[in-house]
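In: Compute the structure for the input listed below.
(one chain, ligands or ions: 2)
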Amino acid sequence: MDGKIRFAPSPTGYLHEGHLLSALYVWAAARKWNLQIHLRIEDHDQSRARPEYIKSIYEDLKWFGFRFDSDSIQSKHPKRFEKALQKLHSQGLVYPCYCSRKQLEAENPKSSTGEVIYQGKCRQQANPEAMSDQPHCLRISIPNKVVHWHDKFLGDFDENPQQQCGDFPIRDRDGQWTYQFAVCVDDIDEGITHVVRGEDIRNSTARQIALMRLLGRDVPPIYLHHPLVVDAAGKKLSKRERAHSLRQDRDAGVSAEKLLGRVCHRASLVAQDTSLSLEEAISVVADKL
Ligand code: GLU
Ligand code: ZN
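Out: Ligands and ions are numbered 1, 2, ... in the order given. Model prediction:
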């Protein structure tokens, strides 16, 4: 094997067509580039994750016939995240931020994507310990530096996380590890060499590479961000359509082959809305890589 790729759903709902398309890209990339496949359940946010969703991820993947080489569930290895936090803390890179959501909105500029660009107000806190019983998140001091990275589909990017989002939270006010932090720690610890995921997360890549460098990994994974499923008119799926789960179709008697064919059609990977076996669907996607 020449590396390891991961499929990393969040168990905050049932899998839908968007997940199915991502899974096809991951399995296709694994076949094309000879990679091991790791299933990672991203339940870092314990306020949103639910056991029945975790169970259904395993069941749904099995129903379609997706096999993986290894798997992990974030909440089962809390020490990994504590250790990474300590590593950053010992370098003086972590600080508490007491800003309320209202303050964050009022006091900071926004990026073109509407994201708050945190200006570092709490970085220079005179005496952070004095306030430590107040609600706070933990932020990472991210270098003010351009990250150069390449996407196998989208090409080259030069992005400075300080201009995209500023210092970002690694643990939220409720004590939950953030997606950005958990994903970096796991991509390092699990030896992930290839990241294939939807274009909606592309914006997070530069900050993840910067954070991985602070955690000691200099060579980032190889990235590919794939187009998302769209509706018949070529528009992004509505919330309602995205909420429609694969298991609803399955319970209604729709076959796995029908669903695989439909998602490939909706992603403009095949011209007709016809049934495809898992093997065929993976081949269709692999041809595009
Ligand atoms: N857990 C994320 C999601 O379900 C995916 C994270 C990633 O692939 O980096 O949207
Ligand atoms: Zn602050």
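In: Can you list the residue ranges for helices in the chain?
Out: 17-33, 51-64, 78-90, 101-107, 161-164, 179-189, 205-214, 239-243, 246-251, 256-266, 278-286 (DSSP state H).
In: Next one: Leu85 from Tyr118, what distance?
Out: 19 Å (Cβ to Cβ, to the nearest Å). Just so you know, the C-beta spots here come from the backbone N, C-alpha and C atoms, and that holds for glycine as well.
In: do the same with Glu279
Out: Glu279 is 47 Å from Tyr118, by Cβ to Cβ.
In: By mean pLDDT, point me to the weakest helix or strand of this structure.
Out: helix 239-243 (a mean of 72; mean pLDDT, DSSP states H and E).
In: Quick one: distance of it to the chain centre.
Out: Remark: helix 239-243 is offset 19 Å from the chain centroid, using Cα atoms, centre = their mean, to the nearest Å.
In: And stretch 146-166, by the same measure?
Out: 16 Å.
In: number of nearby residues for the closest residue to ligand 1 within the stretch 151-289 of the chain?
Out: Among the residues of the stretch 151-289 of the chain, Arg197 lies closest to ligand 1, at 3.7 Å counting by Cβ to the nearest ligand atom. Arg197: 20 surrounding residues under other Cβ atoms under 10 Å.
In: try Asp251
Out: For Asp251, using other Cβ under 10 Å, the count is 9.
In: Distance check, it against Tyr58.
Out: 17 Å.
In: show me the contacts for the nearest residue to Val26 once chain neighbours are set aside.
Out: Nearest residue to Val26, sequence neighbours excluded (Cβ to Cβ, 6 or more residues apart in numbering): Phe7, at 4.5 Å. Phe7 is in contact with Ser22, Ala23, Val26, Trp27, Ile37, His38, Leu39, Arg40, Phe66, Phe68, counting by Cβ atoms under 8 Å, 6 or more residues apart in numbering.
In: Show me the beta-bridge partners of Phe7.
Out: Judged by DSSP bridges, the bridge partners of Phe7 are Leu39.
In: Please tell me how far the closest residue to Asp231 other than its chain neighbours sits from Ala243.
Out: What sits nearest to Asp231 in space, not counting adjacent residues and going by Cβ to Cβ, 6+ apart, is Leu237, at 5.7 Å. Noted for Leu237: a distance of 9 Å to Ala243, by Cβ to Cβ.
In: now Ser141
Out: Taking Cβ to Cβ, one finds Ser141 at 37 Å from Ala243.
In: If you count surrounding residues, which of these two has more?
Out: Ser141 (17 against 12).
In: Gln91 is in contact with that one, correct?
Out: No - judged on Cβ atoms under 8 Å, Ser141 makes no contact with Gln91 at a distance of 9.1 Å.
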